[in-house]
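Student: Provided below are the primary sequence and the corresponding predicted coordinates.
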2 protein chains.
Amino acid sequence: MDMNLIPDIVVGRLPRYLQALQRMSEDGHLSTSSQELGDRLGISAAQIRKDLSQFGEFGKQGTGYAIPYLIDQLESILKIKKVWDIALIGAGDLGRAIAHYQGFSNRGFRIALVFDNSREKIGKNIGNFIIQDIADLEKKVREAHIQVAMLTVPASVAQIVAETVVKTGIRAILSYAPTPLNLPDDVHVEYIDPLIQLQHMTYYLG
Amino acid sequence: MDMNLIPDIVVGRLPRYLQALQRMSEDGHLSTSSQELGDRLGISAAQIRKDLSQFGEFGKQGTGYAIPYLIDQLESILKIKKVWDIALIGAGDLGRAIAHYQGFSNRGFRIALVFDNSREKIGKNIGNFIIQDIADLEKKVREAHIQVAMLTVPASVAQIVAETVVKTGIRAILSYAPTPLNLPDDVHVEYIDPLIQLQHMTYYLG
């Protein structure tokens, strides 16, 4: 099976399936159906069956999906059986909140290093981390074999910081800066911007 | 024109167009083309023309779009010519970072009230806000005519908090809690979850 043939929009739904399954598992459930999963996620059962069928056969007609098995398979597909180290860049309020957040580590990720360019912040503590000098980014990232970065820097410097990140060899960037980044095609970029999502909703309000 | 006929996925792209246009405007640009806008956003020029044409005629063949005019039109379509007050629920690290964030107010939104259920937090300050008792949510939200909520509460309580929010009459919720919410169909819910987006990217990593 050539994974490159699977549409990105399908890949993007897998983490949502995984999250819902993990919550069901935590609630003590052992099996589920595409119907039940769909009801939780607001996605049709047919869509879920079609999406999952692109990756293999995970359930049986009539008996549904064994939750632990499907979780295991989705974790393999998404490559999160291992823990990915993250370089967090920007030690402001948001960077601080993320550095304190405990929910990454049992989901395939862990903040490994925190960087900033401010003389007042470098060397200080943030959560369990000592804030590193952004000037050392490439050296430290290569030493630690880090492949994922999160940007919590102001929009005005996001492009230049992202270009520095790409120079380290990192090919996956999650940016909280409210601006589109212009990066090489082989770099995967995802954005988190509450304004974009708030503005999407107000379209529908009276 | 019946706005309900426009697909939600098209509506969801408008805030991204607006964001890119605002950045161009801040950089001193007065006009742009669907090609230039598309290059910034990684969206095809044809898609942008098709999306915008669903709402009206905003540009001219050959001369492109006048940026201030298109910004004005998109702000009207997205109903952000006014400023929407937001009830922020959950005064933990993330709630604190959001309460301190200055970037909402010139983009159509403003945090108006902050709530928590912790006796230790209620009455204390967070940014310019005094943390309110979640028990007073319905009364305070109705008094202030608030129509939008942001949830920064743990996943374990997100569903019950969201149901409380819906009782106040709020019909737009942006949730940072990593769990799907099961709410009435007339409630618009958007999720922000870095793990979902990180897991989407690791699928493509080596």
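Tutor: In hand now; what should we look at?

Student: three-state assignment of the spatially most central residue of chain A?
Tutor: Centroid-nearest residue in chain A: A:L174, 7.0 Å away (criterion: CA atoms, centre = their mean). Secondary structure for A:L174, judged by DSSP: H, G, I helix; E, B strand; the rest coil, is strand.

Student: quick check: it touching B:L195?
Tutor: No: between A:L174 and B:L195 there is no contact under CB atoms under 8 Å: 9.8 Å. In short, each C-beta sits where N, CA and C put it, glycine included.

Student: quick check: closest non-adjacent residue to A:D116.
Tutor: Spatial nearest neighbour of A:D116, chain neighbours left out: A:A91 (4.0 Å); criterion: CB to CB, 6 or more residues apart in numbering or on different chains.

Student: can you check the pLDDT for that neighbour?
Tutor: Looking at A:A91, its pLDDT reads 96.

Student: longest strand anywhere in chain A?
Tutor: Counting residues, the longest strand found in chain A (DSSP state E) is strand A:109-116.

Student: ok, back up a step: surely the residue nearest to A:D116 touches A:E120?
Tutor: No: counting by CB under 8 Å, A:A91 sits too far from A:E120 to count as a contact (10.0 Å).

Student: strands paired with the longest strand of chain A, and their directions?
Tutor: strand A:84-89 (parallel), strand A:132-133 (parallel) (DSSP bridges).

Student: mean confidence for the last one?
Tutor: The average pLDDT within strand A:132-133 is 98.

Student: now do it: distance to the chain's middle.
Tutor: For strand A:132-133, the separation from the chain centroid amounts to 23 Å (computed by CA atoms, centre = their mean, to the nearest Å).

Student: in CSV, list the C-alpha atoms belonging to the helix or strand just after that strand.
Tutor: Reading on from strand A:132-133 to the C-terminus, the next helix or strand found by DSSP states H and E is helix A:137-143. This file holds the C-alpha atoms of helix A:137-143, laid out as CSV (Å, rounded to 0.1, in the frame of the first residue of the first chain):
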residue,chain,number,x,y,z
LEU,A,137,19.2,26.1,18.3
GLU,A,138,20.8,24.3,15.4
LYS,A,139,23.6,22.7,17.6
LYS,A,140,21.2,21.6,20.4
VAL,A,141,18.5,20.3,18.1
ARG,A,142,21.0,18.3,16.1
GLU,A,143,22.6,16.9,19.2
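
Student: and chain B, is the helix or strand just after helix A:137-143 touching that?
Tutor: Downstream of helix A:137-143, the next assigned helix or strand under DSSP H and E is strand A:148-151. Yes: Strand A:148-151 is in contact with chain B by CB under 8 Å from any CB of the partner chain, via A:V148, A:M150.
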